[in-house]
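**Q** sharing a model that was predicted from the sequence below.
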Amino acid sequence: MYMEFIQKYYKFFINGTKITLFLSFFGVIFGVAIGIFLALMKMSKKSFIRVPASAYIEVVRGTPLLVQLFMIYYGLPMLTGIEFPDILLGIIAVSFNSSAYVSEIIRAGIQSIDKGQMEAARSLGMTHSMAMRYIVIPQAFKNILPALGNEFIVLVKESAIVSVVGIYDLMYQTDTVRGNSYKPFAPLVVAAIIYFIITFTLSKLVGNLERRLSASDSRN
């Protein structure tokens, strides 16, 4: 019975998984890009730069992703007068949400680098921005790559929330199969297995990355 069920509806799950991975991947990419700027802004000594970044991070981390999704999904087209594709709005929502968490990861990574690195770079004639770009941030990213990998895993699971606005991710396709098959439970089991396979694979890759980085540090 389950084999017939899978054979009949497997394309729904495959298509949903593709959208979930696509959404999560670009959510992390843009989240990291925005998170870098937020981290640097929050570390600024100038209050007019630091305060807006801190406020943004606190607001995003202090409100549910569902609320942020609705605000972007309905508010952005209303404010701009432009009809955005649903998938793009989903990516924007998860990117902005992820950026607040990633910024704190990046900030912690930057602050973990010995201050002597910056002083040595400045003594060689580098400007502060050059030292951050070529010396401090590359080392910080090496330290935080495992944490960023974990953020990707979290985002894969949290991205299921986009199904409520009709984005055809894995959870949306699962609900579609539930409606078409009149089976309320079996599609959820399949979706849970797929989510587990994705997150388990990613967690193993992150663990392998951590071991490689630890081995590299011990050789150095």
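**A** Right, received. Where do you want to start? Numbers count the residues shown, from 1 in each chain.
**Q** Y172 contacts T17, doesn't it?
**A** No: using Cβ atoms under 8 Å, Y172 is not in contact with T17, being 11.5 Å away. Glycine gets a C-beta too; all of them are placed from N, C-alpha and C.
**Q** now the residue nearest the centre of the chain. Nearest residue, chain neighbours left out?
**A** Among the residues of the chain, the one closest to the centroid is V28, at 3.2 Å (Cα atoms, centre = their mean). Residue nearest to V28 in three dimensions, not counting chain neighbours: F152, with 4.8 Å by Cβ to Cβ, 6 or more residues apart in numbering.
**Q** so the one you found touches F26, yeah?
**A** No: between F152 and F26 no contact is recorded; they are 11.1 Å apart, counting by Cβ under 8 Å.
**Q** those two: which has the busier surroundings?
**A** Looking at F152 and F26 with other Cβ atoms under 10 Å, you find the greater number of neighbours at F152, namely 21 against 17.
**Q** just the residues contacting the helix or strand hosting that one, thanks.
**A** Counting by DSSP states H and E, the element that carries F152 is helix 137-158. Contact with helix 137-158 is made by 20-21, 24-25, 27-28, 31-32, 36, 65, 94, 97-98, 101-102, 105-106, 108-110, 112-113, 117, 195, 198-199, 202-203, 205-206, 209-210, 213, as judged by Cβ atoms under 8 Å, 6 or more residues apart in numbering.
**Q** go again using 7 Å as the cut-off
**A** Identification of contacts with helix 137-158 by Cβ atoms under 7 Å, 6 or more residues apart in numbering yields 20, 24, 27-28, 32, 65, 94, 98, 101-102, 105-106, 109-110, 112-113, 117, 195, 198-199, 202-203, 205-206, 209-210, 213.
**Q** could I get the buried residue list for that helix?
**A** Applying a neighbour-count criterion of 16 or more other Cβ atoms under 10 Å, the buried positions in helix 137-158 are 137, 140, 143-149, 151-153, 155-156, 158.
**Q** so which of those residues is the closest to S123?
**A** Compare each of those with S123 using Cβ to Cβ and the shortest gap goes to I137, at 18.6 Å.
**Q** for that closest one, report the pLDDT, please.
**A** According to the model's per-residue confidence, I137 sits at a pLDDT of 82.
**Q** swap in M126?
**A** In the predicted model, M126 carries a pLDDT score of 85.
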